[in-house]
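Undergrad: my questions are about this predicted structure, shown below with the sequence.
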Amino acid sequence: MAAHRQYRRRKRSGTSSAIWNFLTKRTTKQIRLTGGAILLSVYAYFFYVYIVAPFTQSWRGIYGETHLPEGYSIRGIDVSHHQGDIDWNKVRRSEIGNTPISFVFIKATEGESLVDPKFKENILKAREVGLACGAYHYFLPGVAAEDQARNFIRNVKLQAGDLPPVLDVEVLGDLTKEQLRAETLKWLKIIELHYKTRPILYTYYKFRKQYLNSIVFDHYPYWIAHYYVDTLHYDGAWKFWQHTDRGRVKGIRGNVDINTYNGSLYDLQQLMIK
């Protein structure tokens, strides 16, 4: 009997051990599956936030699905010789999101000597069809600001009804941040003195935050370039927003930059040269 009881104890012990091993293996498997699912979910979340989301709007632009920011009623374009021959009559009659084109910025000069080969033709014909015109200078950081300002003044004759001159700053080059700020401000002051109006400063959102984030530049109307975002989150005043470089407009073959104005038509008219 004692031996039989001992056998039954061993049998029960063996059965309990088997059940325990089964439950342990099952629990371990469930933990692994659950942990794997959580890890996969976390990976998918970060992949979307940091890899997919930042480029979602860019993909829309690549495939021609340009999104227009809502809440703005005044839209325009900016062009250079890269747009080739432009049919300005068609441009004037075309619309951007059921909104007529009200203004255009035209590349005029670059550095100390370059003049955009289409500038004079573009500004003359754009004025003829009644568009508010502005001229911009592309800033080269390795060239003295005085020489660049003289190049712009020699080639750009603004008149009443035109928008203020624009300085396009996008490259740091070999300059320090302080040197770039000093040269940029020098160009702006020379141009303001000559044309008797405060120039517009154009640059990208990140470039402004990193290199031109100084209170001295807050005195100049800001034209911000920030692509493929539904809403512009900029802590400061701005006048123009270049929100895509893949717009399509009748009269222009290929893509063109599209801009919106932050204000009313009356405000835009007050910005124009008197």
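TA: It's in.

Undergrad: contacting residues around Val115?
TA: Contact analysis of Val115 by C-beta atoms under 8 Å, 6 or more residues apart in numbering lists 108-109, 151, 155. For every residue, glycine as well, the C-beta is placed using N, CA and C.

Undergrad: the spatially closest residue to Leu114 that is not a sequence neighbour: how many residues sit nearby?
TA: Excluding its sequence neighbours, the residue lying closest to Leu114 (C-beta to C-beta, 6 or more residues apart in numbering) is Asn151, at 7.5 Å. By other C-beta atoms under 10 Å, 20 other residues sit near Asn151.

Undergrad: could you check how far Asn151 is from Val143?
TA: According to C-beta to C-beta, to the nearest Å, Asn151 and Val143 sit 9 Å apart.

Undergrad: so what sits against both of the two?
TA: 111-112.

Undergrad: related to what we said a few turns ago, so the residue nearest to Leu114 makes contact with Glu112?
TA: Yes - contact criterion C-beta atoms under 8 Å: Asn151 and Glu112 qualify, at 5.3 Å.

Undergrad: just to revisit the earlier point, what's the most distant pair in the contacts of Val115?
TA: Greatest spatial distance in the contacts of Val115: Ala108 and Asn151, 8.9 Å, computed using C-beta to C-beta.

Undergrad: residues contacting the nearest residue to Trp238 once chain neighbours are set aside?
TA: Of all residues not flanking Trp238 in the chain, Tyr222 sits nearest, at 4.4 Å (C-beta to C-beta, 6+ apart). Each residue near Tyr222 by C-beta under 8 Å, 6+ apart is listed here: 200-201, 208, 236-240.

Undergrad: if we use 10 Å, what do you get?
TA: Tyr222 makes contact with 200-203, 208, 212, 234, 236-241, 262, according to C-beta atoms under 10 Å, 6 or more residues apart in numbering.

Undergrad: Leu140 too?
TA: Per C-beta under 10 Å, 6+ apart, neighbours of Leu140: 110-112, 114, 147-148, 169, 171, 173, 183.

Undergrad: now intersect the contacts of Val115 with the helices, please.
TA: 151, 155 (DSSP state H).

Undergrad: can you list the contacts of Val115 in TSV and add distance to Gln270 and pLDDT?
TA: Formatted as TSV, the contacts of Val115 follow (distance: C-beta to C-beta, whole Å; pLDDT from 0 to 100):
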residue	distance to Gln270	pLDDT
Ala108	23	98
Thr109	26	98
Asn151	29	98
Asn155	26	98
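
Undergrad: of all the contacts of Val115, which comes closest to Arg248?
TA: Closest to Arg248, out of all of the contacts of Val115 and judged by C-beta to C-beta, is Ala108, at 24.2 Å.

Undergrad: distance of the closest one relative to Gln83?
TA: Distance from Ala108 to Gln83, by C-beta to C-beta: 14 Å.

Undergrad: what about the two, which has more around it?
TA: For Ala108 versus Gln83, neighbours defined as other C-beta under 10 Å are more numerous around Ala108 (25 against 22).

Undergrad: show me where the stretch 51-200 of the chain has strands.
TA: 75-79, 101-110, 114-115, 132-138, 166-168, 200-204 (DSSP state E, counting those that start in this stretch).

Undergrad: can you check which residues contact both of Asn151 and Glu112?
TA: Joint contacts of Asn151 and Glu112 (C-beta under 10 Å, 6+ apart) are Val143.
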